[in-house]
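S.K.: The sequence isn't on hand, but the structure is:
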Ligand SMILES: [Zn+2]
Ligand SMILES: [Zn+2]
């Protein structure tokens, strides 16, 4: 890996960042893959949303019951770094930041 990680070791806090347009949204056979850097900690986050699985892989669509794919999706930071003050019950594996991306 030659990619430089500009990760910032901030404390975990749930923060909404609204709609982010700088994320790469790619269609993959399983569904849609959203990749980019977390607006809070800068950690690289890749989130995959699977079609036909309203529950998602981590329950992000747990409140959605539509059979069609949503027009936008909430992405949680999944940088994989340990952030201070991260609660035990946190479903994400990042700093607590979340944002919206528009799906094609
Ligand atoms: Zn992070
Ligand atoms: Zn983050």
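M.R.: Nice, I can see it. Keep in mind it's a predicted model, so treat the numbers as computed, not measured. Ligands and ions are numbered 1, 2, ... in the order given.
S.K.: So what's the residue count around residue 49?
M.R.: Residue 49 has 22 neighbouring residues, counting by other Cβ atoms under 10 Å. For the C-beta atoms, the positions are set from N, CA and C on the backbone; glycine is no exception.
S.K.: Please identify the helix or strand for it.
M.R.: strand 44-50 (DSSP states H and E).
S.K.: and the gap between residue 92 and ligand 1?
M.R.: 10 Å (Cβ to the ion, to the nearest Å).
S.K.: That residue: helix or strand, and which one exactly?
M.R.: Per DSSP H and E, there is no helix or strand for residue 92.
S.K.: show me the contacts for the nearest residue to it once chain neighbours are set aside.
M.R.: Excluding the flanking residues, the one nearest residue 92 by Cβ to Cβ, 6 or more residues apart in numbering is residue 76, at 3.8 Å. Residue 76 sits next to 45, 47, 60, 91, 92, 94, 96, 97, 98 when contact means Cβ atoms under 8 Å, 6 or more residues apart in numbering.
S.K.: Equivalent analysis for residue 14, please.
M.R.: Taking Cβ under 8 Å, 6+ apart, one finds 96, 97, 98 in contact with residue 14.
S.K.: Quick check: the second one touching residue 15?
M.R.: Yes. With contact defined as Cβ atoms under 8 Å, residue 97 and residue 15 form a contacting pair (5.1 Å).
S.K.: No further queries at this time; thank you.
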